[in-house]
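Student: build me a model:
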Amino acid sequence: MIYLDNAATSYPKPEPVYQELDRFARAALANPGRAGHRMAMTAEKTLDDVRHALNQFFHGESPERWAFTLNCTDALNMAIKGVVNEGDHVVVTDLEHNSISRPTRALEKAGRIALTRVASRDGYVAAEDVAAAITPRTKLVAMTHASNTLGTVQPIEEIASAVRAAGALFLLDGAQSAGVVPIDLKATPIDFLAVPGHKGLYGPTGTGALYAGARTDAAIRAWREGGTGGDSSSELQPNLRPYFLEGGTPNVLGVAGLGKGIAWVAERGPDALREHEVELLQQVVDWAERAEGWRVAGLWDPARHVGALSLFTPEGISPQELAGILDVSFDIAVRPGLHCAPYIHRNLGSFPDGLLRLSPSPFTTADEIAAFLDALTEITAGVA
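Tutor: The predicted structure is shown next:
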C-alpha cells in the first residue's frame, strides 16, 4: 500500500513506537495514580515523563499545564465548552475542521453565543481580518494552525498577538502542524493548544493533549469529572492541574507510545520533516500545472505549507470515484471529499463533492509520489 492519508492518521509509525507499545503492555499496564504498587507508579511516571516531553517540545510554562485527551477533537471541545459562557462572542474561520465548527455552531444555534466566521483568501486568514472581528464581548478566538484541506499554514504569531491585545483567549488547533511546524508557547501568546497524538507526533490513535496556559485558570471548567487517583474525599473535581481536566483512567498505553513518537520527531526536527513532505508535494504541483483538467486548491507557497495538498479533479470524474479506483486498482490510499471542513469547500466552490487530498509522511518516497501521479494519468486518460 502507498499510504498518502497521513493528515488523517500517520502510518507507519516509527519502530520505537511499536516496540514501546508491546513492552509497556506486557510490563507496566496498570492504572496510574490509583494504587501505591510498583506497576501503578511506573504507569504514573510514564504520564509524567510524556508531559515533560510535550512541555519541552512546545516550550510550555510547565508540564502540569498539559492534560491528556482522547484526541485533538476532545481537546478542542474541552477548551471551547470549558470557557465559553452565555452571551459570549466567539471568532472562528472558514478553514476550520468540524472539531471547531460543530461545537461553536451548536452553541450559536442554541442561542448561547454570538459567532463570527472570518473568511480566508486563497487558504490564508489575515491577522487584520481576525482583529476586525473581535468585539468587547469576544471571549475566545479558535482557529487552525494549518488547514487540513489545503495544508496552508496561518500567520498565528500575528493573530495570537492581536487576540491577546484585545483581551480574548486564543485557542490553536495543532492537528496538522504539531510535529512539522515549530510551536513556541513562550514566544507566541497561545492560551490553549490542542494537539493529536496520532498524526505528526507519531503516537497511536486515541491519544492527544490540551495545553492550558495561566490565563485560562480563572476561566476553564472541568470537561470530564470523575476519579483522579487522589483526593477521593472531595465532592468536586480537585482543582489541581493537570488532574482537574483528566477525570477517569487515561490511555496510559497510548501515551507510552506517544512519548516515543515525540522523541523520534524531536531527534529529526519539525522543519526537516516538513521540508521532506513539501518537496514531495512539489512534484504533484508541477505535474498538476502540466496535466489537463487538474488544479491545486488554494495558494501554493512551499514556505507556508505542511504536507497536505488537495486537487480539483477533471470534469467527469469525482474525487470519490478516483479515490476508490486508486485504492482497489493501484493500492494507493488518499482522502476524497470535504475532509470534515465544509466551510472552506463552500469558499472554494468545491462543495458538495469536495476535493482529492494527498498527504505524505517522512516515510514516503519520491518514487511513491511518481507512482501516484502515473496512476492519476492512467485513470483520467481512460475518462477523456
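
Student: if I look at the residue lying closest to residue 221 once chain neighbours are set aside, how far off is residue 163?
Tutor: Distance criterion CB to CB, 6 or more residues apart in numbering; nearest residue to residue 221, sequence neighbours excluded, is residue 82 at 4.9 Å. C-betas here are computed from N, CA, C, even on glycine. Distance, residue 82 to residue 163, using CB to CB, to the nearest Å: 17 Å.

Student: and what of residue 205?
Tutor: Using CB to CB, residue 205 is found at 31 Å from residue 163.

Student: stretch 346-363: end-to-end distance?
Tutor: End-to-end distance of stretch 346-363 (CA to CA, to the nearest Å): 33 Å.

Student: can you pull the buried residues of that stretch?
Tutor: By 16 or more other CB atoms under 10 Å, the buried positions in stretch 346-363 come out as 347-348, 350, 353-362.

Student: out of these, which are inside helices?
Tutor: 347, 348 (DSSP state H).

Student: from the buried residues of stretch 346-363, pick the one nearest residue 322.
Tutor: Using CB to CB, residue 356 is the member of the buried residues of stretch 346-363 that sits closest to residue 322, with 5.6 Å.

Student: gap between the nearest residue in space to that closest one that is not next to it in sequence and residue 261?
Tutor: Of all residues not flanking residue 356 in the chain, residue 319 sits nearest, at 4.2 Å (CB to CB, 6+ apart). For residue 319, the distance to residue 261 equals 30 Å [CB to CB].

Student: related to what we said a few turns ago, give me the neighbour count for the residue nearest to residue 356.
Tutor: As a burial measure, residue 319 scores 22 neighbours (other CB atoms under 10 Å).

Student: I'd say it and residue 354 touch.
Tutor: Yes. Using CB atoms under 8 Å, residue 319 makes contact with residue 354 at a distance of 5.5 Å.

Student: find residues that contact each of those two.
Tutor: Counting by CB atoms under 8 Å, 6 or more residues apart in numbering, the shared contacts of residue 319 and residue 354 are 336, 337.

Student: re the thing from before, so which bits of the helix or strand in which the residue nearest to residue 221 is found are buried?
Tutor: Per DSSP states H and E, residue 82 falls inside helix 72-83. Neighbour-count burial for helix 72-83 flags 72, 73, 74, 75, 76, 77, 78, 79, 80, 82, 83 (criterion: 16+ other CB under 10 Å).

Student: please identify which of the residues you listed is nearest to residue 188.
Tutor: Nearest to residue 188 among the buried residues of helix 72-83, with distances taken as CB to CB, is residue 79, at 16.3 Å.

Student: what's the spacing between that closest one and residue 100?
Tutor: Counting by CB to CB, the gap from residue 79 to residue 100 is 10 Å.

Student: mind showing which ranges of the stretch 151-300 of the chain have poor pLDDT?
Tutor: Where the stretch 151-300 of the chain drops to pLDDT under 70, the residues are 228-233.

Student: circling back to that earlier point, which elements pack onto the helix holding residue 82?
Tutor: Secondary-structure packing of helix 72-83 (3 or more CB pairs under 8 Å, 6 or more residues apart in numbering; DSSP states H and E): strand 66-69, helix 98-109, strand 138-144, strand 169-173, strand 192-196, strand 208-212.

Student: including mean neighbour count and distance to residue 52, could the ones you listed go into JSON lines?
Tutor: What follows is those, written out as JSON lines (neighbours: other CB atoms under 10 Å; distance: least, CB to CB, whole Å):
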{"stretch": "strand 66-69", "mean neighbour count": "26", "distance to residue 52": "9"}
{"stretch": "helix 98-109", "mean neighbour count": "19", "distance to residue 52": "26"}
{"stretch": "strand 138-144", "mean neighbour count": "24", "distance to residue 52": "27"}
{"stretch": "strand 169-173", "mean neighbour count": "27", "distance to residue 52": "21"}
{"stretch": "strand 192-196", "mean neighbour count": "29", "distance to residue 52": "15"}
{"stretch": "strand 208-212", "mean neighbour count": "29", "distance to residue 52": "12"}
